[in-house]
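> Build me a model from this:
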Amino acid sequence: MVTKLLFSFICVLLLAVGSSGRQANTYRSNGWQSLLLDRSTPEDAIRALGTPVGDKLDKLDIHNVDKWMTPKHKQKIFRKLTYKKAGEAKKAELAFLDNKLVSIRLEYDEKKFFAKDLRAKFGLDFVLVEEGVPSDSTPSMYEGQKESLIPKVYPYVYYMVSVTPQSFISAQVLSGRTKAMFKEVFRVQTKEPFPGSLMNMEIISRSLAKHEPTPKQAAP
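Numbers count the residues shown, from 1 in each chain. Have a look, this model is predicted:
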């Protein structure tokens, strides 16, 4: 009897550990949970996450990296599925075009997803963008870039950006409350890199991006 109980306990423990490992690995460069950009369908999302609280045609509200997108994202042609309390996120919006997932927007409660954990959760390097990417910037300026860890002054609100061959990932970070505002006003450097926690994050397919011209080579 004792042996059977012990065996059952070990099985339950192993299942719990396996489930925890899968839950922790929910972020990737080309998707979230079991859903993949440019591949997953609305039916895949409903199977994975259940019935959404919202399902409608709408435009994409892209922040920060909107300068890199074609005007198509402003058209109400995207099927949007909305979920509440999905994984770590308090809200998730999944957008589909031609029945394929092209955008994932996640919103978080404060101190739920710390900015310093971005690299570990994605396995990618992110760079600091204080007030959003410049209007004349291009994705190639950020692709493969890595942020320096030297002490610096972090704004009260800032962005972290990663560019991959499949996607643009943009996270909006709240660095803190009164203390963070004090540091920004008086230009106090922060020793620990990437303070604060995510307010929201967007994982966007590069299929929505503008064509980036190839740099011209100098004449011989």
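
> For the protein, which segments count as strands?
27-28, 31-32, 35-36, 54-58, 78-86, 89-97, 100-107, 127-129, 157-163, 167-174, 197-205 (DSSP state E).

> Would you tell me which one of the ones you listed is buried the most?
Comparing those by mean neighbour count (mean count of other CB atoms under 10 Å), strand 167-174 ranks first with a mean of 24. The C-beta positions use only the backbone N, C-alpha and C, and glycine is treated the same way.

> contacts for it?
Outside strand 167-174, the residues that touch it by CB atoms under 8 Å, 6 or more residues apart in numbering are 29-30, 37, 63-65, 68, 110, 115, 118, 122, 124, 126, 139, 156-163, 180, 194, 196-206, 209.

> Repeat the analysis, applying 7 Å as the threshold.
29-30, 37, 63-65, 68, 110, 115, 118, 139, 157-162, 196-206 (CB atoms under 7 Å, 6 or more residues apart in numbering).

> Stretch 81-98 too?
Under CB under 7 Å, 6+ apart, the answer for stretch 81-98 is 26, 33, 42, 45, 49, 52-55, 60, 77-80, 101-109, 112-113.

> among the helices and strands of the chain, which has the poorest mean pLDDT?
helix 2-24 (a mean of 42; mean pLDDT, DSSP states H and E).

> Looks like L36 contacts D44 (just checking).
No: the pair L36 / D44 is not scored as a contact, 8.6 Å apart, by CB atoms under 7 Å.

> on that earlier part again, adding distance to K72 as columns, could you present the strands of the chain in CSV?
Formatted as CSV, those follow (distance: least, CB to CB, whole Å):
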stretch, distance to K72
strand 27-28, 25
strand 31-32, 21
strand 35-36, 21
strand 54-58, 13
strand 78-86, 9
strand 89-97, 8
strand 100-107, 10
strand 127-129, 23
strand 157-163, 19
strand 167-174, 15
strand 197-205, 12
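
> Adding mean pLDDT, write the ones you listed out as a markdown table.
Formatted as a markdown table, the strands of the chain follow (pLDDT from 0 to 100):
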| stretch | mean pLDDT |
| --- | --- |
| strand 27-28 | 94 |
| strand 31-32 | 97 |
| strand 35-36 | 98 |
| strand 54-58 | 98 |
| strand 78-86 | 97 |
| strand 89-97 | 97 |
| strand 100-107 | 98 |
| strand 127-129 | 92 |
| strand 157-163 | 95 |
| strand 167-174 | 97 |
| strand 197-205 | 97 |
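
> wait, which of those is closest to E147?
strand 127-129 (4.7 Å; CB to CB).

> Would you confirm that L101 contacts L35?
Yes: taking contacts as CB under 7 Å, L101 lies within contact range of L35: 5.8 Å.
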